[in-house]
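Mind folding the following:
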Amino acid sequence: MGKNNQYETMVEALEQLIKKGYTHNFQVNEHGQLVEGEEVSFLPSQVELHEFHRFEGLTNPSDMSILYVLETYSGLKGTVVDAYGVSGSETVSNFMNQVDQKQFDS
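Residues are numbered from 1 along each chain as shown. This is a model prediction of the structure:
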C-alpha cells in the first residue's frame, strides 16, 4: 500500500502526521491561497501535496472527509481537512488540483 489512505481514523492520521512534522493547520481561503492565520499565505505553485487520506463518517458513511498532507516551499508542513464528495469545498478542490503532487513519487 502507498502512502495514501493508510489510517483508520482522522485522529490517528493527525497524531501520526504530527510525529512526522506535519504540525501546521492550514486552510484554503476564498482567494485560493493556503493560509495559517492572517499573516502567512501560499499560492498553489508554492505548495507540494505529499499524501491524502479519505475517511467515512462513523455514523453516516456518506459523511466523508479528506485530509491533505502538504509542505510549502518555505518548509512548513501541515494538513488541510475538507469534506469530500458533494459537500466538499470547490475552493479547496481547485487549489489541490493546482499544487505539485508528490504523493505519486516513489
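
what about G21, how many neighbours?
12 (other C-beta atoms under 10 Å). For the C-beta atoms, the positions are set from N, CA and C on the backbone; glycine is no exception.

what's the answer for I66, then?
As a burial measure, I66 scores 20 neighbours (other C-beta under 10 Å).

tell me which element it is part of?
Under the criterion of DSSP states H and E, I66 resides in strand 64-72.

try A13
Going by DSSP H and E, A13 is part of helix 10-19.

Just the mean pLDDT for the next helix or strand after that helix, thanks.
Proceeding N to C from helix 10-19, the next assigned helix or strand is strand 24-25, under DSSP H and E. Averaged over strand 24-25, pLDDT sits at 96.

which intervals of this protein have sub-threshold pLDDT?
Applying pLDDT under 70 to the chain flags the ranges 1-2, 61-62, 86-87, 103-106.

now the residue nearest to the spatial centre of it: how far from T59?
Centroid-nearest residue in the chain, with C-alpha atoms, centre = their mean: Y68, separated by 1.6 Å. To T59, Y68 is 24 Å away according to C-beta to C-beta, to the nearest Å.

helix/strand/coil for the residue of the chain most remote from its centre?
Relative to the C-alpha centroid of the chain, counting by C-alpha atoms, centre = their mean, T59 is the outermost residue, at 22.7 Å. Secondary structure assignment for T59 (DSSP: H, G, I helix; E, B strand; the rest coil): coil.

Okay, it and L49: tell me how far apart.
Distance from T59 to L49, by C-beta to C-beta: 29 Å.

sorry, back to before: now the strand holding I66: how far from the chain's centre is it?
Offset of strand 64-72 from its chain centre (C-alpha atoms, centre = their mean, to the nearest Å): 1 Å.
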